[in-house]
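Enquirer: Dropping a prediction and its sequence here:
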Amino acid sequence: MSKIQLLDKTTIEQIAAGEVVERPFNVVKELVENSIDAGAKNITVEIKDGGLKMIRVTDDGEGIPADDIPRAFLPHATSKIVDINDLLSIRSLGFRGEALSSISAVSEIELITKTKEDLLGSRYIREGDNEESIEKIGAPDGTTMIVKDLFYNVPARKKFLKSLSAEGTMVADLIDHIALSHPEIGFRLISNQKPLLQTSGNGVLKEVIYRIYGKETADNLIDLDFDDEILKGHGYIGNPSLTRSSRNFENFFMNGRFVHCDIFTRAVEEGYREFLMQHKFPFCVINFECDPAMIDVNVHPSKMEIRLHKREESYDLIREAVHDCMSNRDLIRTVPFDDKDTEVIAAQKPPVPEKKSPEPFESNRILQFKHVDVDAEESNIIKAKEVAVVRDLSQMNLFEDRFLSEKAQIKHRVIGQVFKTYWLFEYEDKLFMMDQHAAHEKVKYERLMKQYRNKNVTSQSLNPPIIVDLSSKEMSVINEYMDSFAKLGIEIEDFGTGSVALRSMPQDLYGTDELTFFREIVDDLMSDPLKGDPEVILSKIASMSCKAAVKGNTFMNEEQVGALISELMTLDNPYNCPHGRPTIISMTKNELDKKFSRIVT
Ligand code: ADP
Ligand code: MG
């Protein structure tokens, strides 16, 4: 027998399936995307045992014509493109024509489908390569795909799976993302008979965010909207109180597709940078749109990665949009008295109304879908009043002058200083609290960065210079950032034999304990080395300098505080210190009243 063998058809299909179907997540993704491509208004996903035992996706889309059914399961069979040129204008989520063939190669599939034109629906069963049966059947318009016993014939795959509950979580995460990318479609997810998510499909993105991340998140969103020829973006970014410890809360969609793209991530984080603490990441949900010819979606079989043609332009657009909408907002954070960890709150999804899972033949299914927007008693869909909570936020601050404005300052009632650190003010119906160090630091920081950008950092020479002894590692760090130090007016000269001379300081920072804070900067740069972007390095050094500079400055009188507030008003972003901590927070009278039980919630 020859050493080289041609693989048989089944083996070829199973290998190909491996690229598309790694785990239940991929099956659900492909099926739901097919439903979206079919124009569904409502999609229900049900899984059992993390999707391994069963995945059922039911939609009310256009259905598959009876004659086309077997063909849909052939490799490279698609109704979405004809040739490669169509990719330039692709609007659908699918186009590779390999999902159904791949899924059916590694599972048992049952399909029930009916188009509007057909009087009867069809039921089609397939196991691996074998068509088991096809029959006519009464069914509502739309498609139901049931995938059973995933990987029953490829035990090797199962070894790479995580626990059933971890696989289920991945599916839940996916549906969250898809729901965010299509607020105009009602989604339901049921796992082991437990309803996990339900969205109404009324097109209101904020409502979907509320359903998935909870009220705290929905209450702290900032609109993001930009419209450029090469790229449009619409969605929300979280205000800094929502920052998270991982990138999991950065959601990006491109032309309705959930995607990972380094440009998006970097641009948003950069635009947000001065509002972030180190190792924290913003919350965002942004739907991007662009001419399909400007992106390549055919990078990976899972289609989660895209390549942008206009990378730099897109990066700049996004960064600026994020930065602008952060800078133009009144970001003073209102804290409830028992301010819980926002991440914990975010993890608690609001309860989903109980509902029996839909069977494909359930007679009232069509009826029920027709009532999506009706706030009727018997409707199981989210009621209007349940979502109303998220509406009033953006209307805040419209009628009163911002705390940080000249008009408002006249009306500030300064209550005084507490703990030598915080200043309390009464204004309108709120109690404002300012962290004097953070505020002072921010003033110095923005001033220094502005001077640097205008290339007029005034420095003050140190006479005599301060000699600092350094280890060779410290030395190499300083050499690496020498340029940035110089640009900020920190002049350092190599003094030989492992020491440097500090010759000048920026004017604003002069007169503090220069040696200590220079050492602190070096320590910090060593423990957390910075890469790349000179602007990032500069702002980091500037923020560290300022932090050190305001340390000695503890006592303040009322007049100085007034001056500090006036200075804050001139800043681009007075609400966060350079490390992302808030400078001012507020508490409403209402909140106090509640605490003293004057009013009942
Ligand atoms: P692709 O989505 O890349 O076209 P698939 O293998 O996922 O390939 O699906 C093959 C074809 O089956 C699709 O092009 C579409 O015509 C049809 N199809 C699959 N799922 C549905 C559905 N839920 N509703 C209507 N048509 C569907
Ligand atoms: Mg598809």
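Expert: Arrived safely, thanks for sending. Not measured: the values here are computed from a predicted model. Residues are numbered from 1 along each chain as shown. Ligands and ions are numbered 1, 2, ... in the order given.

Enquirer: okay, now Thr583: neighbour count?
Expert: Thr583 is surrounded by 26 other residues when neighbours are defined as other C-beta atoms under 10 Å. C-beta here means a position set from N, CA and C on the backbone, and glycine is covered the same way.

Enquirer: what residues are up against it?
Expert: Applying C-beta atoms under 8 Å, 6 or more residues apart in numbering to Thr583 gives the contacts 434-435, 438-439, 442, 568, 574-577.

Enquirer: what's the distance between it and ligand 2?
Expert: 50 Å (C-beta to the ion, to the nearest Å).

Enquirer: Now the residue of the stretch 251-400 of the chain found nearest ligand 1: closest residue in space that isn't a chain neighbour?
Expert: Using C-beta to the nearest ligand atom, Lys303 is the residue of the stretch 251-400 of the chain that sits closest to ligand 1, at 9.2 Å. Once its chain neighbours are removed from consideration, Lys303 has its nearest residue in Val297; the separation is 5.7 Å (C-beta to C-beta, 6 or more residues apart in numbering).

Enquirer: Give me the pLDDT value at that neighbour.
Expert: Turning to Val297, the model gives it a pLDDT of 79.

Enquirer: Tell me who's in contact with it.
Expert: 87, 90, 95, 254, 257, 303, 306.

Enquirer: Reformat those residues as JSON lines; add neighbour count and secondary structure.
Expert: Converted to JSON lines, those look like this (neighbours: other C-beta atoms under 10 Å; DSSP: H, G, I helix; E, B strand; the rest coil):
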{"residue": "Leu87", "neighbour count": "16", "secondary structure": "helix"}
{"residue": "Ile90", "neighbour count": "18", "secondary structure": "coil"}
{"residue": "Phe95", "neighbour count": "19", "secondary structure": "coil"}
{"residue": "Met254", "neighbour count": "23", "secondary structure": "strand"}
{"residue": "Arg257", "neighbour count": "21", "secondary structure": "strand"}
{"residue": "Lys303", "neighbour count": "20", "secondary structure": "coil"}
{"residue": "Ile306", "neighbour count": "21", "secondary structure": "coil"}
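
Enquirer: Where is pLDDT lowest across those residues?
Expert: The member of the contacts of Val297 with the lowest pLDDT is Lys303, at 70.

Enquirer: So which of the contacts of Val297 would count as near ligand 2 as well?
Expert: Among the contacts of Val297, proximity to ligand 2 is found for none (C-beta under 5 Å from the ion).

Enquirer: which one of the residues you listed is nearest ligand 2?
Expert: Minimum distance to ligand 2 across the contacts of Val297 is 7.7 Å, recorded for Phe95 (C-beta to the ion).

Enquirer: how about the residues of the protein near ligand 1?
Expert: Within reach of ligand 1 by C-beta under 6 Å from any ligand atom, the chain has these residues: 30, 34-35, 38, 59, 61-64, 72, 77-80, 94-100, 143.

Enquirer: Among those, which are located in helices?
Expert: 30, 34-35, 72, 99-100 (DSSP state H).

Enquirer: farthest-separated two in the residues you listed?
Expert: Looking at these by C-beta to C-beta, the two members farthest from one another are Ser35 and Ala72, with 13.4 Å of separation.

Enquirer: re earlier: whichever of the residues of the chain next to ligand 1 end up buried, select them in PyMOL.
Expert: Burial among those is assessed by 16 or more other C-beta atoms under 10 Å; the matching PyMOL selection reads:
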select buried, resi 30+34+35+38+59+61+62+63+64+72+78+79+80+94+95+96+97+98+99+100+143
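
Enquirer: are any of the contacts of Thr583 buried, and which?
Expert: Among the contacts of Thr583, those that count as buried by neighbour count (16+ other C-beta under 10 Å) are 434-435, 438-439, 442, 568, 574-577.

Enquirer: can you tell me which residues contact the residue nearest to Glu117 when sequence neighbours are not counted?
Expert: With sequence-adjacent residues excluded and distances taken as C-beta to C-beta, 6+ apart, Glu117 is closest to Pro65, at 7.7 Å. Contact criterion C-beta under 8 Å, 6+ apart gives 115, 117-118 as the residues in contact with Pro65.

Enquirer: so which of these is the most crowded?
Expert: Counting neighbours by other C-beta under 10 Å, the top entry in the contacts of Pro65 is Thr115, with 19 neighbours.

Enquirer: now that residue, nearest residue through space, not along the chain?
Expert: Gly63 (3.8 Å).

Enquirer: And for Asp68?
Expert: Spatially, and ignoring its direct neighbours in sequence, Asp68 is nearest to Ser79 (7.7 Å; C-beta to C-beta, 6+ apart).

Enquirer: do Val21 as well
Expert: By the measure of C-beta to C-beta, 6+ apart, the closest residue to Val21 outside its immediate chain neighbours is Ser102, 5.2 Å from it.

Enquirer: give me the residue from the stretch 51-200 of the chain nearest ligand 1.
Expert: Distances from the stretch 51-200 of the chain to ligand 1, computed as C-beta to the nearest ligand atom, single out Gly94 as the nearest residue at 2.3 Å.

Enquirer: Pretty sure that residue sits against Thr78.
Expert: Yes. Taking C-beta atoms under 8 Å as the definition, Gly94 is a contact partner of Thr78 at 6.8 Å.

Enquirer: buried ones in the helix or strand containing Glu446?
Expert: Assigned by DSSP states H and E, Glu446 falls within helix 436-453. By neighbour count with 16+ other C-beta under 10 Å, helix 436-453 contains the buried residues 436-449, 451-452.

Enquirer: Surely Glu184 is within a strand?
Expert: No. Inclusion of Glu184 in a strand is not indicated when DSSP: H, G, I helix; E, B strand; the rest coil is applied; the result is coil.

Enquirer: how close does it sit to Leu87?
Expert: 25 Å (C-beta to C-beta, to the nearest Å).

Enquirer: returning to that earlier point: contacting residues around the residue nearest to Val21?
Expert: 13, 16-17, 19-21, 30, 75.

Enquirer: Show me what from this protein comes close to ligand 2.
Expert: On the criterion C-beta under 5 Å from the ion, ligand 2 has as its neighbours in the chain the residues 34, 94, 99.

Enquirer: that older thread, look up how far Cys261 lies from the residue nearest to Lys303.
Expert: When C-beta to C-beta is applied, the distance between Val297 and Cys261 equals 11 Å.

Enquirer: cool, and Ser181?
Expert: As judged by C-beta to C-beta, Ser181 and Cys261 stand 14 Å apart.

Enquirer: Looking at those two now, which is surrounded by more residues?
Expert: A direct count of neighbours by other C-beta under 10 Å for Ser181 and Cys261 places Ser181 higher, at 24 against 20.
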